[in-house]
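# I would like the atomic coordinates for the input below:
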Amino acid sequence: MKSLMLLWNKMAIDLAIRCHTSATMDMKTVQARCKHEGLSFLTIALPSFGKAFQKCLDDGSVAPNSFQGFSWRAGLPEFLQGFLELVFDRNTGVLLDDPDIEAIYAVRQLTLTFSKVLLPSTSAREQAAMNGYVECEQEVRWNDDMVMEPSDYAEFRRLSSILYRSIFSRLDYKIYNEEVVPKHGPGATADKLRGNAKYLQRSWTDRLEEVFHVGNFLFPNVRYFNEHYDELTFLEPGDELPVKVISVPKTQKTPRIIAIEPTAMQYAQQSILEALVGEIEGHSVLGSLLGFADQGPNQALARKGSIAGTLATLDLSEASDRVSWKLVQEMVSPWPHLLRALDATRSRTASVPGHGVIPLAKYASMGSALCFPIEAMVFLTLVLMGVQQSLNTRFSSERDISRFTGLVRIYGDDIICPVDSVDSVIYHLERFGARVGMAKSFWTGKFRESCGKEYYDGYDVSYVKIRRLFPRSRKDVPEVISLVSLRNQLYKAGLWGTTKWLDSILERMLKHFPYVLETSSV
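Got it, this is the predicted structure:
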């Protein structure tokens, strides 16, 4: 706690010097509130302030209820007022015509630094997250049954066909001929097989066997198959192992909920993943509209949007958990082999702490190898449905869609779309079950955020995050590595006083702490 407070003070001094202001009273505020509120002030209250600041940038003014939990003086909060008055008018709270970019960066760095510290949540927060997972599942099911009309599905299916029919046809052929190649991933599995032990799995499901013959997928050759066939266990749908839903540290306020897949499922999912991503990345149009490995194009478009104001950046909440299996079925229904493969590699139940085993209406939770690309493809279709409606037109060919290269791009749940279409895009996303996070979506001002990069009027105002608590000794290896990384990032950000202070800590802890370039093998 003391180290984190000292880190905040050092950064505040560095940033106050850069902005020609004072942070003395701010440091006293942080000290007093940390004494009464503990670590949660740094990890919860400060990030709430930072997110409110971002929204004020987008809105163009500070509203009276923008910074709840902080006292006010005139038209701005007292906390960080020396920085804020370089961005907003101190009396009216209206955004200045020429706000100080350094001050915008300073406020973001000082409020959001601790927003992603990997800390365990309380048991109450973890259970609340599990309850939210189950409630989200119920909402997906309700949306499928009560909200969607046949005409909605028909248009979704039509536009998906225009987008994906060429790659789906080739993938359908590869699956039918078993030309896809499975592989094991590095992560944990629901049946607790790890490392090379995954290659000794002897369970397969009846659903997988209908699409991927165990002799071709699980065994290296016919002789090995004949010798070990008797060891196999085929699981009927009712006997399949459910995905194991767990929480992992994300923020102290809310843990991240993921699902651990059984080994056989993950193994088969990887075979479709490799073929699917390869087809998309090699496609002349889709390769520019969808991203899976390179976040750079999304970040470049976010910067462009912050300058020209023509592109919006949207962020989705609980993105993977809100893509329904029914919607994915509509997307791939004309390709029977692909449909059967996606069904066979999809877990139908989940074991949720406090709720037991529940059936799943969603396609897949975060943890499935196919979750990321499938959700992105669904979102792309929905975004283009919104764009075509806003233009009062109907896309009928790939050529029509190719005109939106550089205007639309999807990377997971990070979405870029034209500002002129944003209302229609949000409507379609939410009608089909997605939820747009308004606090992290921007289109009215000059602030844009996508794929870990934030821009204001073309200037990079991305902040450095601390990921772990400070190490107590060099035996705390992950914490030491994280602290060195933090030191290097702050050095690049120009916070050299803070860097010098971190160097003094690291030099006492590490016997050898070499000063080298990034390109050095050291």
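# Show me where this structure dips below the pLDDT cut-off.
By pLDDT under 70, the low-scoring segments of the chain are 252.
# what about the longest helix in it?
Taking DSSP state H as the criterion, the chain has its longest helix at helix 150-176.
# Any buried residues in that one, and which?
152-153, 155-157, 159-164, 167-168, 170-172, 174-175 (16 or more other C-beta atoms under 10 Å). Just so you know, the C-beta spots here come from the backbone N, C-alpha and C atoms, and that holds for glycine as well.
# next SSE after that helix?
strand 203-205 (DSSP states H and E).
# same for that next one, what does it pack against?
strand 233-235, helix 263-281 (3 or more C-beta pairs under 8 Å, 6 or more residues apart in numbering; DSSP states H and E).
# helices and strands around the helix or strand that that strand is followed by, which ones?
Next helix or strand after strand 203-205 toward the C-terminus (DSSP H and E): helix 206-211. Contact here means 3+ C-beta pairs under 8 Å, 6+ apart; on that basis helix 206-211 packs against strand 233-235, helix 263-281, helix 336-344.
# make it 10 Å
helix 214-217, strand 233-235, helix 263-281, helix 336-344 (3 or more C-beta pairs under 10 Å, 6 or more residues apart in numbering; DSSP states H and E).
# for these, which one sits closest to Val248?
Of all the helices and strands packed on helix 206-211, helix 263-281 sits nearest to Val248, with 16.9 Å by C-beta to C-beta.
# Tell me which of the helices and strands packed on strand 203-205 is the most buried.
Ranked by mean neighbour count, those are led by helix 263-281 with a mean of 22 (mean count of other C-beta atoms under 10 Å).
# Using PDB, write out every CA atom in that one.
Extracted in PDB, the C-alpha atoms of helix 263-281 (Å, rounded to 0.1, in the frame of the first residue of the first chain):
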ATOM      1  CA  THR A 263      -9.600 -31.400 -23.400                       C
ATOM      2  CA  ALA A 264     -11.400 -33.100 -26.300                       C
ATOM      3  CA  MET A 265     -13.400 -30.000 -27.100                       C
ATOM      4  CA  GLN A 266     -10.500 -27.700 -27.000                       C
ATOM      5  CA  TYR A 267      -8.500 -30.000 -29.200                       C
ATOM      6  CA  ALA A 268     -11.100 -30.100 -31.900                       C
ATOM      7  CA  GLN A 269     -11.900 -26.400 -31.600                       C
ATOM      8  CA  GLN A 270      -8.300 -25.600 -32.500                       C
ATOM      9  CA  SER A 271      -8.600 -27.500 -35.800                       C
ATOM     10  CA  ILE A 272     -11.500 -25.300 -37.000                       C
ATOM     11  CA  LEU A 273      -9.800 -22.200 -35.600                       C
ATOM     12  CA  GLU A 274      -6.700 -22.500 -37.600                       C
ATOM     13  CA  ALA A 275      -8.600 -23.100 -40.900                       C
ATOM     14  CA  LEU A 276     -11.100 -20.400 -40.200                       C
ATOM     15  CA  VAL A 277      -8.700 -17.700 -39.300                       C
ATOM     16  CA  GLY A 278      -6.400 -18.600 -42.300                       C
ATOM     17  CA  GLU A 279      -9.300 -18.200 -44.700                       C
ATOM     18  CA  ILE A 280     -10.400 -14.900 -43.300                       C
ATOM     19  CA  GLU A 281      -6.900 -13.400 -43.200                       C
END
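# What is it packed up against?
Packing partners of helix 263-281 (3+ C-beta pairs under 10 Å, 6+ apart): helix 150-176, strand 203-205, helix 206-211, helix 214-217, helix 286-289, helix 336-344, helix 371-390.
# Now the ones you listed in CSV, please, with extra columns for distance to Leu486.
Putting the helices and strands packed on helix 263-281 into CSV (distance: least, C-beta to C-beta, whole Å) gives the following:
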stretch, distance to Leu486
helix 150-176, 41
strand 203-205, 43
helix 206-211, 44
helix 214-217, 44
helix 286-289, 35
helix 336-344, 41
helix 371-390, 28
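# wait, Phe219 sits on Leu232?
Yes: the pair Phe219 / Leu232 is scored as a contact, 9.4 Å apart, by C-beta atoms under 10 Å.
# shared neighbours, those two?
Common contact partners of Phe219 and Leu232 (C-beta atoms under 10 Å, 6 or more residues apart in numbering): Phe225.
# nearest to Arg207, of the helices and strands packed on strand 203-205?
Here strand 233-235 is closest among the helices and strands packed on strand 203-205 (C-beta to C-beta), at 8.7 Å.
# tilt between the following helix or strand past that closest one and helix 263-281?
Later in the chain than strand 233-235, the nearest helix or strand by DSSP H and E is strand 243-248. Counting by axes from the mean of the first three to the mean of the last three C-alpha atoms, to 10 degrees, strand 243-248 lies at 80 degrees to helix 263-281.
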